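Novice: Could you look at this predicted model? Sequence included:
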Protein chains: 2
Amino acid sequence: MAVCPAAPDRPPRTVAESVYRALRRDIITLRHPPGTSLTEQELAGLYGSSRVPVREACRRLQQEGLLTAIPYKGYFVSQISLADIEDSFDLRELLECHAVARAVRRATPEEIAHLEELATTGYTYHDWASYGDFLERNREFHVCLAALGGNQRLVCVLDDLLGAMQRFFFLGLDLADFSTQMRHEHEGLIEALRRRSAEDALARIHEQIDSSRLRVRRALERGGIDLPLTTGGSQSRPFSSNQPPGPASPEDAEHG
Amino acid sequence: MAVCPAAPDRPPRTVAESVYRALRRDIITLRHPPGTSLTEQELAGLYGSSRVPVREACRRLQQEGLLTAIPYKGYFVSQISLADIEDSFDLRELLECHAVARAVRRATPEEIAHLEELATTGYTYHDWASYGDFLERNREFHVCLAALGGNQRLVCVLDDLLGAMQRFFFLGLDLADFSTQMRHEHEGLIEALRRRSAEDALARIHEQIDSSRLRVRRALERGGIDLPLTTGGSQSRPFSSNQPPGPASPEDAEHG
DNA sequence: CGTATACGAGTTGTATACAATCATCCCATG
DNA sequence: CATGGGATGATTGTATACAACTCGTATACG
């Protein structure tokens, strides 16, 4: 069942797990920006382990779409394309709205109360370190919300999707302090759930996702961070893996 | 971008890849029925390699939901639960209908022609060997169809989902000879695309998925294959990995 | 007799060494 | 000067050896 990667708090049980988390965080927080070239040996040095756990971590991240592997060549942090951002938000909307529509009828008061606990988190503006934690909490909120819809398979897919989208969200957070706005949005949604108003709940979730989409779009337009964006013309043929570095700047990947 | 695992024909470039394909096929064709216990060493012997490629294959299959790993204990072929089947079909319907609705407007005549080629395949009743190939072709058809909708991210998710559902489909195929019926369904859908009739296309895809769902349901009711089915009461809490063997029959896992 | 504990088999987790593969550059050659 | 071919370096792919962990069992003790 799609593994449901997020086992949030629990300390890592294996080296591979901790390498995975560290590397994932460094990709999401753009410490390794899109296009960065990475080798297993290099990563083994960075995260203090041998190549084997690194390899496992890279395979997971590759499956999640954050890394692109080139046989006998190395790994590259996947590019961010405008098309992929739009596709991701479209898909997210489809999944979450479907789930919320069902959650309105199914959610028990206890479940809604639990959801409310998750909704209270925020982040502190300009403190990049807090962004990562907040994004994880936010993901948990939306995943638990979707779980109330009753379709476990959908929940896992959404969880993976939100995981891959965290890099996008990260960009949006730094644009301004949306912490309280987002909390209010969450609370409004919970209220709609309590009143079992499908119409209202759907409008709220729709609004939330759209405002998130706008944040990301605006962040990209302002280009506060000079991302080597691929214009991402939608490939005409169904399959095609994320192109490697392309004309991206290899540059240095200083880390410590 | 979710890796898009199906690189259909191309010969395997690595040992890990061929182990992955072989093991996956053996799980889908129920040679390793749900609940079967597998160890890395055992699999290494079965498929003639060392533990390392086996490990990589198992991790992939775990991520796809076909295997469940228990640390220091081993791997188990994931159970099939009625709830998961219903969830999967619901999700499939959501994704494919969304894609088809958009495909109706976007698909070019060339793309539709390409789709028609993929629609011509069938299987020979009671020849289990042909089932696997057919299911792959059928998956490719539905994936390419969805690709015409223009959302690449959705396509990858659907691809993964159909991959995980192949075990279900396998059950349904053996119930009777649906080969020609399915081909007709495909052709009808293509016709609707050509006429750009959204209403008709949606009705067709809906009908196709529902008939597929019914096939699987019927196959399970008749219980032609004595699967250790978990009744799969929907777990009350969002996360919970697929339960291990439970009261399933460990039994022998004869293979050669 | 019940309980705690130490032991041992079995399994995955990790590290290291070596093989296979690919890209690049240099040099010989037409 | 252009071009083909082979050496060379870097990287992943694979195999093997060993460490860490878990669970069941037997055993000693109260």
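Specialist: Cool, got the structure.
Novice: Could you report the separation of the residue nearest the centre of chain A from residue A:199?
Specialist: The centroid of chain A falls nearest to residue A:166 when counting by Cα atoms, centre = their mean (2.5 Å). Distance, residue A:166 to residue A:199, by Cβ to Cβ, to the nearest Å: 30 Å. For every residue, glycine as well, the C-beta is placed using N, CA and C.
Novice: and if you look at residue A:205?
Specialist: 11 Å.
Novice: okay, these two: which has more neighbours?
Specialist: Neighbours were counted for residue A:205 and for residue A:199 using other Cβ atoms under 10 Å in any protein chain shown; residue A:205 has more, 25 against 10.
Novice: Mind telling me what element the residue nearest to residue A:95 when sequence neighbours are not counted is part of?
Specialist: Nearest residue to residue A:95, sequence neighbours excluded (Cβ to Cβ, 6 or more residues apart in numbering or on different chains): residue A:158, at 4.9 Å. Residue A:158 belongs to helix A:152-173 when assigned by DSSP states H and E.
Novice: what does residue A:30 give?
Specialist: Residue A:30 belongs to no helix or strand, assigned by DSSP H and E.
Novice: Hmm, it is touching residue A:170, no?
Specialist: Yes: using Cβ atoms under 8 Å, residue A:30 is in contact with residue A:170, at 6.5 Å.
Novice: ok, those two, which is more surrounded?
Specialist: For residue A:30 versus residue A:170, neighbours defined as other Cβ under 10 Å are more numerous around residue A:170 (21 against 18).
Novice: List the contacts of the more buried one.
Specialist: Residues near residue A:170 by Cβ atoms under 8 Å, 6 or more residues apart in numbering or on different chains: A:28, A:29, A:30, A:131, A:132, A:135.
Novice: Report the separation between the third one and residue A:173.
Specialist: Applying Cβ to Cβ, the value for residue A:30 to residue A:173 is 11 Å.
Novice: Am I right that the residue nearest to residue A:95 is in contact with residue A:88?
Specialist: No: using Cβ under 8 Å, residue A:158 makes no contact with residue A:88, being 11.2 Å away.
Novice: what residues does the stretch 51-200 of chain A put near DNA strand D?
Specialist: A:51, A:52, A:55, A:69, A:71, A:72, A:73, A:74, A:75 (Cβ under 7 Å from any atom of the strand).
Novice: So which of those residues sit within strands?
Specialist: Within these, residues falling in strands by DSSP state E are A:69, A:74, A:75.
Novice: Can you tell me which of those residues is closest to DNA strand D?
Specialist: Set against DNA strand D, the nearest of those by Cβ to the nearest atom of the strand is residue A:74 (3.9 Å).
Novice: And the residue nearest to the closest one when sequence neighbours are not counted, how close does it get to residue A:73?
Specialist: Leaving aside its sequence neighbours, residue A:74 sits nearest to residue A:39 (Cβ to Cβ, 6+ apart; 4.8 Å). As judged by Cβ to Cβ, residue A:39 and residue A:73 stand 9 Å apart.
Novice: more crowded one of these two?
Specialist: residue A:39 (14 against 10).
Novice: From DNA strand C, how far off is that one?
Specialist: 13 Å (Cβ to the nearest atom of the strand, to the nearest Å).
Novice: so where does residue A:113 fall, helix or strand?
Specialist: helix A:109-118.
Novice: Specify which member of the contacts of residue A:170 is nearest to residue A:61.
Specialist: residue A:28 (10.2 Å; Cβ to Cβ).
Novice: list the contacts for the closest one?
Specialist: By Cβ under 8 Å, 6+ apart, the neighbours of residue A:28 are A:66, A:132, A:135, A:166, A:167, A:170.
Novice: okay, those in CSV with distance to DNA strand C and pLDDT next?
Specialist: Output for the contacts of residue A:28, formatted as CSV (distance: Cβ to the nearest atom of the strand, whole Å; pLDDT from 0 to 100):
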residue, distance to DNA strand C, pLDDT
A:66, 20, 96
A:132, 22, 87
A:135, 26, 92
A:166, 24, 94
A:167, 26, 93
A:170, 28, 91
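Novice: list the buried ones in whichever strand or helix holds residue A:92?
Specialist: Here residue A:92 sits within helix A:82-106, counting by DSSP H and E. Across helix A:82-106, burial judged by 16 or more other Cβ atoms under 10 Å in any protein chain shown covers A:83-100, A:102-104.
Novice: tell me the contacts of the closest residue to residue A:15 other than its chain neighbours?
Specialist: Excluding its sequence neighbours, the residue lying closest to residue A:15 (Cβ to Cβ, 6+ apart) is residue A:53, at 4.3 Å. Counting by Cβ under 8 Å, 6+ apart, residue A:53 touches A:14, A:15, A:16, A:19.
Novice: before we move on, the earlier item: tell me the angle of the helix holding residue A:158 relative to helix B:152-173?
Specialist: Relative orientation of helix A:152-173 versus helix B:152-173 (axes from the mean of the first three to the mean of the last three Cα atoms, to 10 degrees): 170 degrees.
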